[in-house]
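Student: what's the 3D shape of this:
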Amino acid sequence: TKRFGSENVGYIKAVGQQCMRVWDEPLDNDTNDADDEAGQYVLVDKDVKLIRDHFGLSHLRYQDMSPVLIPQGYTKSYLDGEINHQDQMAD
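Tutor: Residues are numbered from 1 along each chain as shown. Below you'll find the model as predicted:
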């Protein structure tokens with residue numbers, strides 16, 4: 001962040017398996033619904049919280065940094081054939 005400035009740095013953990021609940025404040029330039037004006041709790045990967053706090057990336061929304069969460073046990077269930085790929089694609 002020293003070289004480019006924190007406002008020009010981003011981070012995304014596209015898929016996460018260990019999540020935590022955090023408060024996501026709306027950004028000054030946020031164009032989402034008025035319902036989000038006060039912020040909201042969102043589930044994000046724990047690494048997203050760590051990176052955002054450590055590098056001061058408060059100009060990024062948590063939910064944009066952690067778009068996909070996989071629940072605990074999902075990978076094992078999928079590999080064991082308990083989850084049908086076609087059913088998920090239909091969702």
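Student: CA atoms for contacts and neighbours, from now on please.
Tutor: Will do.
Student: Need the phi and psi values for the residue nearest to the spatial centre of the chain.
Tutor: Nearest to the mean C-alpha position of the chain, by C-alpha atoms, centre = their mean, lies Ser66 at 1.7 Å. Backbone dihedrals for Ser66, given as degrees, to the nearest 10, come out at phi -140, psi 70.
Student: Packing partners of the helix or strand containing Ile51?
Tutor: Ile51 belongs to helix 46-55 when assigned by DSSP states H and E. The contact analysis (3 or more C-alpha pairs under 8 Å, 6 or more residues apart in numbering; DSSP states H and E) places helix 46-55 against strand 19-24, helix 62-65.
Student: May I have the residues that are in contact with the residue nearest to the centre of the chain?
Tutor: When contacts are counted by C-alpha atoms under 8 Å, 6 or more residues apart in numbering, Ser66 touches 12-16, 44-45, 48.
Student: Dump the C-alpha coordinates for the worst-scoring helix or strand of the chain on mean pLDDT into PDB.
Tutor: Least confident helix or strand of the chain, by mean pLDDT, DSSP states H and E, is helix 85-90 with a mean of 82. Extracted C-alpha coordinates of helix 85-90, given in PDB (Å, rounded to 0.1, in the frame of the first residue of the first chain):
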ATOM      1  CA  HIS A  85     -23.700 -31.200  -9.200                       C
ATOM      2  CA  GLN A  86     -26.700 -30.900 -11.500                       C
ATOM      3  CA  ASP A  87     -29.100 -29.900  -8.700                       C
ATOM      4  CA  GLN A  88     -26.700 -27.100  -7.800                       C
ATOM      5  CA  MET A  89     -26.400 -25.800 -11.300                       C
ATOM      6  CA  ALA A  90     -30.200 -25.600 -11.500                       C
END
